[in-house]
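A.B. asks: Structure of the sequence below:
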Amino acid sequence: MSQLFSAGVSPQISSLRLCFYGAGSMAEAIVRGLLDQGLTAPGQIGMINRQNASRLDELAARYGVQAAFDNEAKTTMIGEADIVFLAIKPKDAAEALKQLRHVLRPDQLIVSVIAGLSIHTMETLLGQPMNIVRTMPNTSSTISLGATGISFSSTVSEGQRSLAEA
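C.D. replies: The predicted model follows:
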C-alpha cells in the first residue's frame, strides 16, 4: 500500500484489507455503509472485539465479515490490514494503543473514531508518528444520515486523504 500512496495514487477501497478494532454500533455503521455502497466485499473486512465473542459472531453472521477471537488471530488480522479502524471506547483507548504499538506498521492507515483522543495523543501512545485520520462522526451516522468531521496527521498523503474521504 505505501508504494501506491507515495506515488500519489489512491487505491480502490475494494482492493484493501480493512480491520475494525472494536465492534460496537459505530464500527457496525461504518461496515454497513461500506457494504451497502458496494465499496468492498465482506471478506475484505475483519473485526476484533476485546472480549464480546457473541457480538463478533452476530456481526460475522449478519454481514459475512471475518472475526478474530484469539490473540494470535487478532494480531495477524491487524498486521495484515491496510486500514485499521480504531472504534474503541475512550476509556479503553490508552491501553489498547500501547498494545498496538508493536503490531501496527508505519505504512498502515489508521482511522480513529475514538472520541476525545487527539492525533498527538494517539501518536504518543503508539510511540511514533503514524498515518492517522481522526474522525468525529455524530450519532446519526448509525442510520446513514450523519456528518463526520475529519482531520489528518501530517504524514497522511493526498492518496490516503482521498481514500479516507471516500
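A.B. asks: All the helices of the protein, residue numbers only.
C.D. replies: Secondary structure of the chain, counting by DSSP state H: helices at 2-6, 25-36, 53-63, 71-80, 90-100, 119-126, 158-165.
A.B. asks: Just the CA coordinates for stretch 85-94, please, in PDB.
C.D. replies: Output in PDB follows, covering the C-alpha atoms of stretch 85-94 (Å, rounded to 0.1, in the frame of the first residue of the first chain):
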ATOM      1  CA  PHE A  85     -10.200   1.400  12.200                       C
ATOM      2  CA  LEU A  86     -10.000   2.200  15.900                       C
ATOM      3  CA  ALA A  87     -13.500   2.000  17.200                       C
ATOM      4  CA  ILE A  88     -13.000   1.500  20.900                       C
ATOM      5  CA  LYS A  89     -14.300   3.400  23.900                       C
ATOM      6  CA  PRO A  90     -12.200   6.300  25.100                       C
ATOM      7  CA  LYS A  91     -11.700   4.600  28.500                       C
ATOM      8  CA  ASP A  92     -10.000   1.600  26.800                       C
ATOM      9  CA  ALA A  93      -8.000   3.600  24.200                       C
ATOM     10  CA  ALA A  94      -4.700   4.200  26.100                       C
END
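A.B. asks: what's the spacing between that stretch and its chain's center?
C.D. replies: 11 Å (CA atoms, centre = their mean, to the nearest Å).
A.B. asks: before we move on, back to that, any idea which of the helices of the chain gets closest to Gly149?
C.D. replies: Between Gly149 and the helices of the chain, the shortest separation by CB to CB is 11.9 Å, and it involves helix 158-165. (Glycine included, C-beta is placed from N, CA and C.)
A.B. asks: Please name every helix or strand in contact with the closest one.
C.D. replies: Helix 158-165 sits against helix 2-6, strand 109-112, strand 131-137, strand 148-152, with contacts defined as 3 or more CB pairs under 8 Å, 6 or more residues apart in numbering; DSSP states H and E.
A.B. asks: Kindly reformat these as JSON lines and extend each row with distance to Tyr21.
C.D. replies: Shown next, in JSON lines, are the helices and strands packed on helix 158-165 (distance: least, CB to CB, whole Å):
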{"stretch": "helix 2-6", "distance to Tyr21": "20"}
{"stretch": "strand 109-112", "distance to Tyr21": "9"}
{"stretch": "strand 131-137", "distance to Tyr21": "13"}
{"stretch": "strand 148-152", "distance to Tyr21": "18"}
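A.B. asks: which stretch in these has the least confidence?
C.D. replies: Comparing mean pLDDT across these, the lowest value falls on helix 2-6: a mean of 43.
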